[in-house]
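Novice: Predicted structure and sequence below. I'll ask about it afterward.
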Amino acid sequence: MYPEEYQEFSRLIKEYVVLHIILKVLEYDRKAIRQSTCKFSNLYDQLLTNIQWKIEYDLRRIKKNIKKLGGTIISQEQQSAVRVVKTKFKGFVYTHRYLNYVLQAESEELLKTYINSI
């Protein structure tokens, strides 16, 4: 079994990846909403902006916590079925692979919690 510090590091990495995905999707959706003919497009855009700010704050917090543990994210690469994240933790390089459909489901669930918090 991995040490507790590494498990926390791994959990933070996954949370960071999920939030990063949500952030990218929100940016895409905000562009689509601004170009749409929705009657409440300004309201929807503001709602997504507020969620985006909260996520950006949480991403900074997570990145600080990763650094405190002695780790960093080296790169993220989207492949056809997985997202590959290379990290460094206490001098060792690790590769994390997350299935896209799992990330999508977790992103949707986490986004719901952000929506409910507003």
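Specialist: Looks like it came in fine.
Novice: could you pull out the helices for the protein?
Specialist: Applying DSSP state H to the chain gives helices spanning 4-35, 41-69, 100-116.
Novice: of all those, which lies closest to residue 86?
Specialist: Of all the helices of the chain, helix 4-35 sits nearest to residue 86, with 10.2 Å by Cβ to Cβ. The C-beta positions use only the backbone N, C-alpha and C, and glycine is treated the same way.
Novice: quick one: the closest one to chain centroid distance?
Specialist: Distance, stretch centre to chain centre, for helix 4-35: 1 Å (Cα atoms, centre = their mean, to the nearest Å).
Novice: Which of the helices of the chain sits closest to residue 75?
Specialist: Distance to residue 75, taken as Cβ to Cβ, is lowest for helix 4-35 among those, at 11.7 Å.
Novice: That closest one packs against which elements?
Specialist: Applying 3 or more Cβ pairs under 8 Å, 6 or more residues apart in numbering; DSSP states H and E, we find helix 4-35 packed against helix 41-69, strand 71-78, strand 82-89, strand 92-99, helix 100-116.
Novice: What mean pLDDT does that helix get?
Specialist: The predicted model assigns helix 4-35 a mean pLDDT of 96.
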